[in-house]
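Enquirer: structure, please.
(chains A, B, C and D)
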2 protein chains.
Amino acid sequence: MSQSLSRALRILIELGEGERSLDQVAASLEVHKTTAMRLLHTLEADRFVRRDDRQRYHLGSRLFALGGAALAQHAIRDVAQPHLNRLAAEAGGQAVHLAAYENGTAIYIAKVENTHAVRMYSRVGLPAALHATAVGKVLVAGLPPGEQEAVIAGIDFRPFTSRTIADAAAYREVLAKTREQGWAEDAAEHEDFINCVGAPVRDEAGRVVAAVSVSVPDVILPREGVRGLVPQLLAATEAISADWVGAR
Amino acid sequence: MSQSLSRALRILIELGEGERSLDQVAASLEVHKTTAMRLLHTLEADRFVRRDDRQRYHLGSRLFALGGAALAQHAIRDVAQPHLNRLAAEAGGQAVHLAAYENGTAIYIAKVENTHAVRMYSRVGLPAALHATAVGKVLVAGLPPGEQEAVIAGIDFRPFTSRTIADAAAYREVLAKTREQGWAEDAAEHEDFINCVGAPVRDEAGRVVAAVSVSVPDVILPREGVRGLVPQLLAATEAISADWVGAR
DNA sequence: CTGCATGTTGCAAATTATGCAACGACGATT
DNA sequence: AATCGTCGTTGCATAATTTGCAACATGCAG
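Expert: Down below sits the predicted model:
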């Protein structure tokens, strides 16, 4: 739609991976370096991009501010954070995530790192696979039926592990079960040896507005043990839902 | 330089202040709504912008990720954070800031909130006034002489309080004193009733790479009392400098 | 001093963005 | 129930913005 703009956005995304020189930027955009330079200058003028003394380009300080503002606008994050911390503690220091549905994807909007040596890879702002994570299942299961089908049609059932759900039919069954029992499971479907349980946060009309999950490596607790965390998980999501409804 | 791009950036900046409708965006850009719409769609396609079910536009999830990445690229932040926490505790729960010089401005890259009721306004990613904050003075005082003059020439000596430094001559004296004593003061020059002290973090060549400040409201501690925090402040900045040199 | 890598400028060509006007969808109001 | 108003969307002609080129400038290394 807007060529120069989408090129500029690609620059920002690429700089998110690390510093780049002008030529590197031009090469990866497949444009003349003049073009890349002018985009970079515009970005620099508004502090979206910064140039160091060695002429390398970095993400600029404006993105700190916007990133912070974006997070602040997810008011549910503030409501949820203390409950997430408590849940993480109750679960013995395991990783806890809060994710929200957004335009066909699930996005992590808050997390509590686990305190054990085994870290899992995730980051606030990155998308969670809809078909291979507990939060993804919870969020899709909570969509209105019409939208749900559209989303399912758009899922790429890419396997992450040997246990990843591989097709829409199996996925629909899992969604039905999720709705029925009020929580979802991820049995090493996204990362080998990591099991999760997730549950929804709801607003006053019962709509799912976010999902919380606890992730536990096999070596700490086997799959059945993780299921044992469901009561604490549900207590946390119910508390968040109550606070959320009360906060508005 | 690039019209459509700078318009799009202005959209992002504005959305940082809160949600907007298409017409509001078009009005503030002073362009036809068609134009605004196409920019918004491009931004939306890359998740820089998100549309809610009521057709309001918000900052999108990509900005979480980029904001996080931008922070992560300021490696000094990670090095400094534990020292900042300790300093804040030693200072009795006062606000502590870490700022870096960047393209003619000082930017807060980390902070520790104070634990008292009186909060001061600041936010990671926002610029700090060079002439009216302790970190601003420290960072400018540490620039190479040539660049320093260029920066001073560009400062708008806007008064924030009755005590704000009002001209370049007075500012140069303060910078000299800052270099001499190794720390700077802000005696209610930015916000009435808030005094700060700040000191530099240096790399292995002695260059100033960042500045740390402690901010204390008058009601907690008078100006002389704040000066008493200088030893702890210097201990913290020296520790950060040592860690920083060691980390590379 | 020469060569290589990097960033910058003037200019002509045309792709790309723009504004207009008309349309469609949705809600509120009467 | 009908109408009005608000808001977002699309097709199209205009032209303005962006693009690539080629030459120039600067800084560093051999």
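
Enquirer: return the helix or strand in chain A with minimum mean pLDDT.
Expert: helix A:145-154 (a mean of 83; mean pLDDT, DSSP states H and E).

Enquirer: and the closest residue to DNA strand C within chain A, what does it touch?
Expert: Nearest residue of chain A to DNA strand C, counting by C-beta to the nearest atom of the strand: residue A:22, 2.6 Å away. (C-beta placed from N, C-alpha, C; glycine too.) Residue A:22 makes contacts with A:33, A:36-37, A:40, A:55, A:57, as judged by C-beta atoms under 8 Å, 6 or more residues apart in numbering or on different chains.

Enquirer: not counting the helix or strand harbouring residue A:239 itself, show me its contacts.
Expert: Of the helices and strands defined by DSSP states H and E, residue A:239 is found in helix A:230-246. Helix A:230-246 has contacts (C-beta under 8 Å, 6+ apart) with A:76, A:79-80, A:83-84, A:86-87, A:90-91, A:182-183, A:197-204, A:209-210, A:212-214.

Enquirer: tell me the buried residues in it?
Expert: A:230, A:232-234, A:236-241, A:243-244 (16 or more other C-beta atoms under 10 Å in any protein chain shown).

Enquirer: now swap in stretch A:71-81 and tell me
Expert: Buried residues in stretch A:71-81 (16+ other C-beta under 10 Å): A:71, A:73-74, A:76-77, A:79-80.

Enquirer: quick revisit: can you tell if the least confident helix or strand of chain A touches DNA strand C?
Expert: No - applying C-beta under 7 Å from any atom of the strand, one finds helix A:145-154 out of contact with DNA strand C, separated by at least 11.8 Å.

Enquirer: got a markdown table for the buried residues of stretch A:71-81, with distance to residue A:166 and pLDDT too?
Expert: Below are those laid out as a markdown table (distance: C-beta to C-beta, whole Å; pLDDT from 0 to 100):
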| residue | distance to residue A:166 | pLDDT |
| --- | --- | --- |
| A:71 | 34 | 81 |
| A:73 | 36 | 78 |
| A:74 | 32 | 80 |
| A:76 | 32 | 86 |
| A:77 | 33 | 85 |
| A:79 | 36 | 87 |
| A:80 | 32 | 91 |
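
Enquirer: low-confidence ranges in chain A?
Expert: A:115-122, A:247-248 (pLDDT under 70).

Enquirer: now chain A against chain B: closest residue?
Expert: At 1.5 Å from chain B, residue A:67 is the closest residue in chain A, using C-beta to the nearest C-beta.

Enquirer: re the thing from before, quick one: distance of the helix holding residue A:239 to the chain centre.
Expert: 19 Å (C-alpha atoms, centre = their mean, to the nearest Å).

Enquirer: can you check stretch A:140-147 too?
Expert: 18 Å.

Enquirer: which parts of that stretch are buried?
Expert: Per 16+ other C-beta under 10 Å, stretch A:140-147 contains these buried residues: A:140-143.

Enquirer: identify the bridge partners of residue A:184.
Expert: The partner list for residue A:184 in beta bridges (DSSP bridges) reads residue A:198.

Enquirer: return the residues in contact with the nearest residue to residue A:15 once chain neighbours are set aside.
Expert: Excluding its sequence neighbours, the residue lying closest to residue A:15 (C-beta to C-beta, 6 or more residues apart in numbering or on different chains) is residue A:59, at 5.0 Å. Shown in contact with residue A:59 (C-beta under 8 Å, 6+ apart): A:12, A:15-16, A:48-50, B:66, B:69-70, B:73.

Enquirer: mind checking which of those are in helices?
Expert: Those of those mapping onto helices are A:12, A:15, B:66, B:69-70, B:73, per DSSP state H.

Enquirer: redo those residues as a markdown table? Include distance to residue A:124.
Expert: Shown next, in a markdown table, are the ones in helices among the contacts of residue A:59 (distance: C-beta to C-beta, whole Å):
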| residue | distance to residue A:124 |
| --- | --- |
| A:12 | 17 |
| A:15 | 18 |
| B:66 | 11 |
| B:69 | 11 |
| B:70 | 13 |
| B:73 | 16 |
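
Enquirer: what's the closest of these to residue B:168?
Expert: Closest approach between these and residue B:168, by C-beta to C-beta: residue B:70, at 31.9 Å.

Enquirer: does that closest one touch residue A:63 like I think?
Expert: Yes - under the criterion of C-beta atoms under 8 Å, residue B:70 makes contact with residue A:63 at 4.4 Å.

Enquirer: about what we covered before: sitting in helices, which of the contacts of helix A:230-246 do you find?
Expert: Members of the contacts of helix A:230-246 lying in helices (criterion: DSSP H): A:76, A:79-80, A:83-84, A:86-87, A:90.
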